[in-house]
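Asks: sequence and predicted structure are below.
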Amino acid sequence: MTAHKPPGHPTVSPYLIVSDAAATIEFLMRALDGVELCRFASPDGRVLHAEVRIDDSVVMLGEGAPPDWPPQPAHVHVYVPDVDATYRRALAAGATSVQEPVKKEDDDKRGGVRDAGGTTWWIATTVA
C-alpha cells in the first residue's frame with residue numbers, strides 16, 4: 001500500500017451520483033463483470049457509497065439525495081474485449097440502447113447503453 005491510496009485502486013476513478021445505486025451496482029456486475037468491493041448504506045437502505053472494480057479500474061458511486069446531492073447524468077467509456085457481446089449483456093442486464101456498436105473513424109468499434117441509475121456507458125473494442 002502506498003501512503004496516498006488504498007491497494008488495488010487506480011489514481012483516478014469516476015464518482016457517480018445515481019438515482020438507483022443498487023441497480024447500477026447490479027448492472028456493473030452483470031454487464032461488465034464488475035466486482036463489488038464495498039457498500040455503505042444508510043439506515044433506510046440507500047447506498048451512501050460503493051466501489052465496484054471493473055478490470056483494472058474502480059468506479060465509485062452513491063445514491064443521489066436531493067436537494068444537496070441530486071443524481072447527475074454521466075458518461076463513462078469502457079474498453080472491453082468484445083463490444084458486441086458486452087452490448088448484448090448490457091441490454092440483458094436491463095440497460096437501454098443509446099447506440100448499437102459501430103466502427104468509428106478511429107480504431108474502435110463503439111456502442112452505448114444507459115443503465116437504470118442514469119449513467120450512459122460507452123463500450124468499445126479496438127479493432128483496427
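Replies: Happy to help now that I have it.

Asks: helices or strands up against the helix or strand harbouring residue 97?
Replies: According to DSSP states H and E, residue 97 maps onto strand 96-103. For strand 96-103, the contact count by 3 or more C-beta pairs under 8 Å, 6 or more residues apart in numbering; DSSP states H and E identifies helix 83-92, strand 108-114 as packing neighbours. Quick note: C-beta positions are derived from backbone N, CA and C, even for glycine.

Asks: return the backbone torsion pair for the residue nearest the centre of the chain.
Replies: Per C-alpha atoms, centre = their mean, the C-alpha nearest to the average position across the chain is that of residue 28, at 5.5 Å. Backbone geometry at residue 28, expressed as degrees, to the nearest 10, gives phi -60, psi -40.

Asks: how far away is the closest residue to it other than its chain neighbours from residue 19?
Replies: Nearest in space to residue 28, with sequence neighbours left out and distances taken as C-beta to C-beta, 6 or more residues apart in numbering, is residue 34 at 3.4 Å. Plainly put, residue 34 is 18 Å away from residue 19 if you go by C-beta to C-beta, to the nearest Å.

Asks: and the two? Which one has more around it.
Replies: residue 34 (21 against 18; other C-beta atoms under 10 Å).

Asks: for this structure, just list every one of the strands.
Replies: Taking DSSP state E to define them, one finds strands in the chain at 15-18, 35-41, 47-54, 57-63, 74-79, 96-103, 108-114, 119-126.
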